[in-house]
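**Student:** The sequence and its predicted three-dimensional model are supplied below.
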Amino acid sequence: YRGRKPAAAGNASGASTRMSLRRLPAGLLLTLALLLLAAPALAAEGAGHGSGFIPPVWTILPFVGILLSIALFPLFANHFWEHHYPKVSAAWLVVAVILMWASVPADVGFRAAFGARFFSTYEEYVAFIILLGSLFIISGGIYISGDLNGTPVVNSVIILIGSILASLIGTTGAAMLLVRPLIRANANRERQSHVILFFIFLVCNIGGALTPIGDPPLFLGFLQGVPFQWTLILTPHWLFSIGIVLTVFYLLDRHMARKEGLKPAPAGGAPIRIQGSLNFVLLLGVVALVIASGVLPWEGGIHFGSLGEIEWTSFLRDGGQVALALISLAITPQAIRKANNFNFGPIKEVAYLFIGIFTCMIPALMLLNARGGELGLNTPASYFWASGILSSFLDNAPTYLTFLATGMGSLGIEHAVDMTTHPQAVLILEAISAGSVFMGANTYIGNGPNFMVKAIAEGNGIRMPSFFGYMAYSMAILVPVFILVTLIFF
């Protein structure tokens, strides 16, 4: 899209970039191993009809394929990927549907086996894109100007503010609001990608752990009956993780700034000024619509037979968000969006790739739902890592619900609210919540804002690490922190 600068050709070839399956990151291999454990080959032909159908394990191959495409094409065929990634996503989507169709026994039927899952998946996808798109458009109408010099202190403060805002207006809202000012503040820096990486770690993921507004898994827990204020129990986990990761960032950024010879900004610079401030009201409107969709006592909706139902509150939420985005486009001067280098490229990239990801992961989620209880989870630590690792590659919202149901079943608990009172259950729910939110930072696709921030950064000429390069950072920085979280809290 316009504004994007292609990566250097030398990054797309050469012996230094050659890889084999044996060198895939441990997280991806472990995820595949968990999925294989969750789907014994004996279940290959399914068991029963409708919701009882269990897809064979080979139906997850398109999901593996689209992950590898996202990881490897930018390394080995960057020019092709830049121009044809929508076609690659569509190709894997088609292959996934064909394999799912071929896996269904004649006496079951595709609609009975996969129909309800397709319906719910695409309903979630539409809500996902509308939320990200509305926040992207509205935040693109807010321009923060002034002499922000990207020093280690300034960068750390911006990331800290974003980490706090993430629990108040959501990880997506906070990320879209602050990523552009952060990029402008570091425009004079020689090395910028590490700043964006830590921004993704903290603002797009870990920061959203304190309220159900912060991240979709916690909001789904709220809808299941977990009290709104309960997530504040994760405050010690949040403070510990934010504190360590932000400290590591400050030390790393200070080291790089010294190597660059970065000088402090001269005194008497232009003061901080915010233009398009009416968009803050629209941002709060998006948050209010999300909350309202979960608490309004409205019942009913449009029924689609055995496939499912679209509730009236969903129409209110999604329609309201579209309306707020259109209002933002109408009232915001184009000069502000031009100053923000605003274009629809990042949201289009997320939409194209995630429609493929959402479709290809349908069998994986069905296998996890059917066999999640066979993973041998019996401690809070095991729930933390299982939910976290799978949330790094799958949609963390249904993954959260799957492990919540698994935990409730193992303890004989019928209602989610009881998970907040039973001593053993509280620790398990803490582990599932923290794992699902925190470990979305492990990969670019672990959470929607991750990929969007990456796209915005690249659109502004910042050369971001590859899929594997990003994971090298997350495994070196985040995994040790998560190990400490396990030892201290679980």
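**Tutor:** Structure received.

**Student:** any chance you could map the helices in the stretch 51-200 of the chain?
**Tutor:** With DSSP state H, counting those that start in this stretch as the criterion, the stretch 51-200 of the chain has helices at 61-76, 78-103, 110, 116-139, 152-185, 193-202.

**Student:** Residue 417 is nearest to which of these?
**Tutor:** When those are compared by CB to CB, helix 152-185 sits nearest residue 417, at 21.2 Å. The way it works is simple: take the backbone N, C-alpha and C, and place the C-beta from them, glycine included.

**Student:** Which elements pack onto that closest one?
**Tutor:** If contacts are counted by 3 or more CB pairs under 8 Å, 6 or more residues apart in numbering; DSSP states H and E, helix 152-185 sits against helix 116-139, strand 143-145, helix 193-202, helix 235-260, helix 278-295, helix 448-459.

**Student:** re the thing from before, tabulate the helices of the stretch 51-200 of the chain (a markdown table), appending distance to residue 333.
**Tutor:** Below are these laid out as a markdown table (distance: least, CB to CB, whole Å):
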| stretch | distance to residue 333 |
| --- | --- |
| helix 61-76 | 35 |
| helix 78-103 | 31 |
| helix 110 | 50 |
| helix 116-139 | 14 |
| helix 152-185 | 16 |
| helix 193-202 | 27 |
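
**Student:** wait, which of those is closest to residue 434?
**Tutor:** helix 152-185 (13.3 Å).

**Student:** nearest to residue 260, of the helices of the stretch 51-200 of the chain?
**Tutor:** helix 152-185 (11.1 Å).

**Student:** what angle sits between the closest one and helix 116-139?
**Tutor:** On the basis of axes from the mean of the first three to the mean of the last three CA atoms, to 10 degrees, helix 152-185 is oriented at 100 degrees to helix 116-139.

**Student:** Now helix 152-185: buried residues?
**Tutor:** Across helix 152-185, burial judged by 16 or more other CB atoms under 10 Å covers 152, 154-156, 158-160, 162-163, 165-185.

**Student:** Who are the packing partners of the helix or strand harbouring residue 410?
**Tutor:** Using DSSP states H and E, residue 410 sits in helix 396-411. When contacts are defined as 3+ CB pairs under 8 Å, 6+ apart, helix 396-411 sits against helix 216-224, helix 362-371, helix 380-391, helix 423-438.

**Student:** With mean neighbour count and mean pLDDT as extra columns, can I get those helices in TSV?
**Tutor:** Below are the helices and strands packed on helix 396-411 laid out as TSV (neighbours: other CB atoms under 10 Å; pLDDT from 0 to 100):
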stretch	mean neighbour count	mean pLDDT
helix 216-224	23	84
helix 362-371	23	83
helix 380-391	26	93
helix 423-438	25	93
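
**Student:** Of all these, which one comes closest to residue 276?
**Tutor:** Of the helices and strands packed on helix 396-411, nearest to residue 276 by CB to CB is helix 216-224, at 26.8 Å.

**Student:** tell me what the closest one is packed against?
**Tutor:** helix 278-295, helix 396-411, helix 423-438.

**Student:** Let's have these in CSV, adding distance to residue 82.
**Tutor:** What follows is the helices and strands packed on helix 216-224, written out as CSV (distance: least, CB to CB, whole Å):
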stretch, distance to residue 82
helix 278-295, 31
helix 396-411, 28
helix 423-438, 31
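
**Student:** Which pLDDT does the model give residue 13?
**Tutor:** In this prediction, residue 13 carries a pLDDT score of 36.

**Student:** and if you look at residue 186?
**Tutor:** Per-residue pLDDT puts residue 186 at 92.

**Student:** Tell me which residues touch residue 455, please.
**Tutor:** 345-346, 349-350 (CB atoms under 8 Å, 6 or more residues apart in numbering).

**Student:** Please identify the one among those residues that lies nearest to residue 371.
**Tutor:** Ranked by distance to residue 371 (CB to CB), these are led by residue 350 at 29.9 Å.

**Student:** what sits up against the helix holding residue 410?
**Tutor:** Residues outside helix 396-411 that contact it (CB under 8 Å, 6+ apart): 124, 215-218, 220-221, 224, 365, 368-369, 372-373, 375, 377-378, 383, 386-387, 390-391, 413-414, 416, 418-419, 422, 424-425, 428-429, 432-433, 436-437, 440, 446-447.

**Student:** quick one: average confidence on it?
**Tutor:** The model assigns helix 396-411 a mean pLDDT of 83.

**Student:** what do you get for stretch 282-297?
**Tutor:** Stretch 282-297 comes out at a mean pLDDT of 87.

**Student:** Now do the buried residues in it.
**Tutor:** So for stretch 282-297, counting by 16+ other CB under 10 Å, buried means 282-283, 285-286, 289-291, 293.

**Student:** cool, stretch 456-467 as well?
**Tutor:** 456-460, 462, 464-467.

**Student:** Please write out the alpha-carbon positions of that stretch in PDB.
**Tutor:** What follows is stretch 456-467, C-alpha atoms only, in PDB (Å, rounded to 0.1, in the frame of the first residue of the first chain):
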ATOM      1  CA  ILE A 456       1.800   0.900  10.400                       C
ATOM      2  CA  ALA A 457       5.500   0.900  11.300                       C
ATOM      3  CA  GLU A 458       6.500  -0.600   7.900                       C
ATOM      4  CA  GLY A 459       4.200   1.900   6.200                       C
ATOM      5  CA  ASN A 460       6.400   4.600   7.800                       C
ATOM      6  CA  GLY A 461       9.600   3.100   6.500                       C
ATOM      7  CA  ILE A 462      10.600   1.200   9.600                       C
ATOM      8  CA  ARG A 463      12.100  -2.200   8.800                       C
ATOM      9  CA  MET A 464      10.500  -4.700  11.200                       C
ATOM     10  CA  PRO A 465      11.900  -8.100  12.000                       C
ATOM     11  CA  SER A 466      10.500 -11.200  10.200                       C
ATOM     12  CA  PHE A 467       8.000 -13.600  11.800                       C
END
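
**Student:** Brilliant, that's me finished.
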